[in-house]
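Novice: what's the 3D shape of this:
(one chain, ligands or ions: 2)
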Amino acid sequence: MGSKQAVHVMKSIHLIKGYDLKIEGKPSADIVELPRPSSLAALPFRIRFVKPRLLVKAGDIVKIGTPIFEDKRHPEVKFLSPGGGQIKDINFGPRRVIEEIVIKLDADEQHESFDTIAEDDLPRFGRKQLIEMILHGGLWSLIRELPFRDFARPDTVPPAIVVNLDHLEPFQPQPDVYLNGKWQLFNYGLKVLQQLAKGNVIVSAGRDQINGSTRLNRLITHAYQGRYPAHDPGVLIYRIKKSAAENHCWYIAGQDVLLLAQLLKTGTYPTERTVVVAGPSATVRKHLHTRLGVPLQLIAEGRTDPGNNRFVVGGALTGYSGSKQGYLGLFETSVTVLPQGNEKGTLFDWAMPGFRKPSYTRGYLSYFNKGELKVDCNLHGGRRACIACNNCLEVCPVDIMPQLTYKTILAGEVEEFLAHGLLDCVECGLCSYVCPSKIELFQTLQKAKEDFCKELEQ
Ligand code: SF4
Ligand code: SF4
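Specialist: Numbering: from 1, shown residues only. Ligands and ions are numbered 1, 2, ... in the order given. Down below sits the predicted model:
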């Protein structure tokens, strides 16, 4: 009799709520190699919660993997240089916030060396030792913890680690593109996570991604169906959790598993990134193979309309505006190019029917247009009071009543906003997007969560 084979059981999760933002300018699955940049940057202020303390000054010589800043709250969490060369500039923003550490690359970049673990030795490696190696290798911050989304607390064991392979916000790298040729490395990374989570690793992807991919079929433990943000680890945990402890699950993006794996397998700080450039004003819409911290100029060059554009880095709903002079942050893997849209609005702009304006409600004829729409950066109307339309409630994937939670936050009623489920908020941005009164629901809820987290830390 042959030995018993483990049966792979895939669970299905279906999200009814949510909303798909249809934006013109989808990328193809083609991948283009970007030229080597002459400089790179690390962006400390883009890493949420971290209070950066500089470990270098302008003029210092660094290698790939030299520590350049650390978190004042937890100095064991270090951030390493994505390039080898000289620290060219350290740019500060308002209140001396460290915005950019720019590294001018040498023609012949040097690497720091880290300890390695052979794949067969992984099961024998202690969890504590693995955590120390990831901390030392500057990649601990890639592992985040729910519900606050700060980096994971290394002194705890998570109920599970969720690896989300894809992302429903337009436009993000596809797993079959960034995993191409790297399946073995990814499997190594999953084994590392198994050690960290004591076997409780959840690998999730959309049903559409999995169908037709035997490799993904073998890996995935949870397949989701539904609209944005069905991919989000917080949504998954909200749907499947059986105890309050699971609210503190850890999570990591699929591409970041590759970075962890490369560090531990090769002993070098990883530098590769697959990034997508897309959107209505991108003339070339593709995947790009490039480096962490690459200049946005290099991504945009020859791939965008000549007009006045805005670069949204990291996702149309939850990303941030970047300028061509900026750089790609550690966590961001997409650049959406939108027309600035600052032409003077039409009189009674909000009330005018607009078949090409994206809209959640029937207020615009675009509600009935099921095609992709040319989004721009106009608000199409000013802010006003809540009209109790319930749009925000209808889309919220974790059943929060955003308008009521918002009011309790403004009133400073902590117990009330916790009772309203603030900590379940997955920070998807949909409530703000669908609000006809342009109330900053998502931004207010996100800030309240962050403030509450900081208070707990004190
Ligand atoms: S309340 Fe949070 S989870 Fe709900 S729609 Fe708004 S941002 Fe998303
Ligand atoms: S979507 Fe805006 S206007 Fe409608 S209920 Fe929510 S907060 Fe009020």
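Novice: show me what counts as buried in the longest helix along the chain.
Specialist: Ordering each helix of the chain by length in residues (DSSP state H) puts helix 441-457 first. Neighbour-count burial for helix 441-457, counted by 16 or more other CB atoms under 10 Å, picks out Leu441, Phe442, Thr444, Leu445, Gln446, Ala448, Lys449, Glu450, Phe452, Cys453. (C-beta placed from N, C-alpha, C; glycine too.)
Novice: and that helix with ligand 1, contact?
Specialist: Yes: Helix 441-457 reaches ligand 1 (CB under 6 Å from any ligand atom) through Leu441, Phe442, Leu445.
Novice: so Val157 belongs to a strand, correct?
Specialist: No: using DSSP: H, G, I helix; E, B strand; the rest coil, the secondary structure at Val157 is coil, not a strand.
Novice: spatially nearest residue to it, not counting backbone neighbours?
Specialist: Once flanking residues are discounted, Val157 sits nearest to Lys198: 6.1 Å by CB to CB, 6 or more residues apart in numbering.
Novice: counting neighbours, what do you get for the one you found?
Specialist: Neighbour count of Lys198, defined by other CB atoms under 10 Å: 13.
Novice: secondary structure class for it?
Specialist: Under three-state DSSP, Lys198 falls in the coil class.
Novice: tell me the phi and psi of it?
Specialist: When read as degrees, to the nearest 10, the backbone of Lys198 gives phi 50, psi 50.
Novice: quick one, grab the pLDDT at it.
Specialist: Among the per-residue scores, Lys198 holds a pLDDT of 93.
Novice: quick check: phi and psi at Gly85.
Specialist: Phi and psi for Gly85, reported as degrees, to the nearest 10, are phi 160, psi -140.
Novice: any idea what it is bridged to?
Specialist: Here Gly85 sits in beta bridges with Val62, Leu105, going by DSSP bridges.
Novice: hang on, it packs against Asp106?
Specialist: Yes: judged on CB atoms under 8 Å, Gly85 makes contact with Asp106 at a distance of 4.3 Å.
Novice: settle it for me: which of the two has more neighbours?
Specialist: Ranked by neighbour count (other CB under 10 Å), Gly85 and Asp106 place Gly85 first, with 22 against 14.
Novice: one step back: let me know the closest of the residues of helix 441-457 next to ligand 1 to ligand 2.
Specialist: For those, the residue nearest ligand 2 by CB to the nearest ligand atom is Leu441; the value is 5.9 Å.
Novice: how near is the closest one to Ala253?
Specialist: Taking CB to CB, to the nearest Å as the measure, Leu441 falls 25 Å from Ala253.
Novice: how far away is the closest residue to ligand 2 within the stretch 1-150 of the chain from Lys191?
Specialist: Nearest residue of the stretch 1-150 of the chain to ligand 2 (CB to the nearest ligand atom) works out as Tyr19 at 11.9 Å. According to CB to CB, Tyr19 and Lys191 sit 37 Å apart.
Novice: does the residue nearest to His420 when sequence neighbours are not counted belong to a helix, a strand or coil?
Specialist: Of all residues not flanking His420 in the chain, Thr405 sits nearest, at 4.2 Å (CB to CB, 6+ apart). Following three-state DSSP, the label given to Thr405 is helix.
Novice: do His74 as well
Specialist: coil.
Novice: and for it, the neighbour number?
Specialist: Residues lying near His74 (other CB under 10 Å) number 18.
Novice: for the one 5 residues further on, same thing?
Specialist: By other CB under 10 Å, 23 other residues sit near Phe79.
Novice: tell me, how many residues neighbour the nearest residue to it once chain neighbours are set aside?
Specialist: Leaving out its chain neighbours, the residue that sits closest to Phe79 by CB to CB, 6+ apart is Phe69, at 5.1 Å. Look at Phe69: counted by other CB under 10 Å, it has 24 neighbours.
Novice: spell out which helix or strand contains Phe69, please.
Specialist: Per DSSP states H and E: Phe69 is located in strand 67-71.
Novice: pull up the pairing partners for whichever helix or strand comes after that strand, direction included.
Specialist: Next along the chain after strand 67-71, taking DSSP H and E as the criterion, comes strand 78-80. In the sheet, strand 78-80 lines up against strand 67-71 (antiparallel) (DSSP bridges).
Novice: buried sites along the strand it pairs with?
Specialist: Using 16+ other CB under 10 Å as the test for burial, strand 67-71 gives Ile68, Phe69, Glu70, Asp71.
Novice: who touches the first one in this structure?
Specialist: Ile68 is in contact with Ala42, Leu54, Leu55, Val56, Val62, Phe79, Leu80, Ser81, Ile87, Ile101, counting by CB atoms under 8 Å, 6 or more residues apart in numbering.
Novice: 7 Å instead?
Specialist: Shown in contact with Ile68 (CB atoms under 7 Å, 6 or more residues apart in numbering): Ala42, Leu55, Val56, Val62, Phe79, Leu80, Ser81, Ile101.
Novice: with the second one instead?
Specialist: By CB under 7 Å, 6+ apart, the residues touching Phe69 are Pro44, Pro52, Arg53, Leu54, Leu55, Phe79, Ile101.
Novice: return a ChimeraX selection command for the buried portion of those.
Specialist: Here is the ChimeraX command that selects the buried residues among the contacts of Phe69 (16+ other CB under 10 Å):
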select :44,52,55,79,101
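Novice: so Glu416 touches Ile409, yeah?
Specialist: No: assessed by CB atoms under 7 Å, Glu416 is found out of contact with Ile409, at 8.8 Å.
Novice: host element of Ala223?
Specialist: Ala223 belongs to strand 222-226, assigned by DSSP H and E.
Novice: do Val32 as well
Specialist: Taking DSSP H and E as the definition, Val32 sits inside strand 31-33.
Novice: buried ones in that strand?
Specialist: Neighbour counts over strand 31-33 (16+ other CB under 10 Å) mark Ile31 as buried.
Novice: which bits of the stretch 251-400 of the chain sit near ligand 2?
Specialist: Residues of the stretch 251-400 of the chain found near ligand 2, taking CB under 6 Å from any ligand atom as the criterion, are Cys386, Ile387, Ala388, Cys389, Asn390, Asn391, Cys392.
Novice: switch the cut-off to 5 Å
Specialist: Within the stretch 251-400 of the chain, the positions near ligand 2 by CB under 5 Å from any ligand atom are Cys386, Ile387, Cys389, Asn391, Cys392.
Novice: where does the residue nearest to Gly429 when sequence neighbours are not counted land in three-state SS?
Specialist: Using CB to CB, 6+ apart and skipping residues adjacent in sequence, the residue nearest Gly429 is Leu317, 3.8 Å away. Recorded secondary structure, Leu317: coil (three-state DSSP).
Novice: okay, now Leu317: neighbour count?
Specialist: For Leu317, the count of nearby residues is 20 (other CB under 10 Å).
Novice: again with Lys17
Specialist: Look at Lys17: counted by other CB under 10 Å, it has 17 neighbours.
Novice: which residues are in contact with it?
Specialist: Residues in contact with Lys17 (CB under 7 Å, 6+ apart) are Glu394, Val395, Cys396, Pro397.
Novice: what helix or strand does it sit in?
Specialist: Going by DSSP H and E, Lys17 is not part of any helix or strand.
Novice: what about the nearest residue to Tyr327 once chain neighbours are set aside, helix or strand, and which?
Specialist: Nearest residue to Tyr327, sequence neighbours excluded (CB to CB, 6+ apart): Ala41, at 3.8 Å. For Ala41, the host element (DSSP H and E) is strand 39-42.
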